[in-house]
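Q: return a 3D structure for these sequence lines:
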Amino acid sequence: MKKGNIGRLGAHFSVSGGLFRSVEEAVSVKATTMQIFTANQRQWRHKPLEKGAVMAFREACEKAALDLVMSHGSYLMNLASPEKEKLEKSQVALREEILRCKALGLFEGTSDFVCKTGPILEGAYWVFLPVVHLKILDHHEHQI
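A: Take a look at the predicted model:
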């Protein structure tokens, strides 16, 4: 690190009032990085991103010149669930998160892919990565 450079400094910023507002908030506190939820993290269904909101967010990010902008996926995802319905919902949620990130120009993200509030399959951490890999490869191009 260069002398005087403290590295990346940021936080999780609210998208209340519009995705672009999170960038404004990050800039106002002199953050160099930020994280957002691209959709409500506590619901399975999300309204589609609006083209105007996507463009405003991308323009705000470009203008702010942050080092890193990333997303955090839904708290509901459990890609190791032994419950078929929850596993299928989780796979769809991951795919949708990837598509929202792609639309927003976000190439890094994080999530709690294995929910701590429900049961998980024995050996889940060994099967987790192939499941994610297959679902990522299975997605279609996102249209806004």
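Q: which pLDDT value goes with residue 4?
A: Residue 4 is assigned a predicted lDDT (pLDDT) of 50.
Q: need the strands for the chain, in chain order.
A: Ranges of strands within the chain are 10-12, 33-36, 68-72, 109-110, based on DSSP state E.
Q: average model confidence for the last one?
A: For strand 109-110, the per-residue pLDDT values average out at 66.
Q: can you check stretch 51-64 too?
A: 95.
Q: then stretch 80-89?
A: Stretch 80-89 shows a mean pLDDT of 86.
Q: need the winner for burial among the strands of the chain.
A: Stretch with highest mean neighbour count among the strands of the chain: strand 33-36 (a mean of 21; mean count of other CB atoms under 10 Å). (C-beta placed from N, C-alpha, C; glycine too.)
Q: CSV please, covering the strands of the chain and showing distance to residue 101.
A: Listed next are the strands of the chain as CSV, based on distance: least, CB to CB, whole Å:
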stretch, distance to residue 101
strand 10-12, 15
strand 33-36, 10
strand 68-72, 5
strand 109-110, 6
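Q: these: which one's closest to residue 42?
A: strand 68-72 (12.0 Å; CB to CB).
Q: ranking the strands of the chain by mean pLDDT, which is last?
A: Checking each of these, the one with the poorest mean pLDDT is strand 109-110, at a mean of 66.
Q: in the chain, which residue is closest to the centre?
A: residue 71 (3.0 Å; CA atoms, centre = their mean).
Q: residue 101 is in contact with that one, correct?
A: Yes: with contacts counted by CB atoms under 8 Å, residue 71 reaches residue 101, the gap being 5.2 Å.
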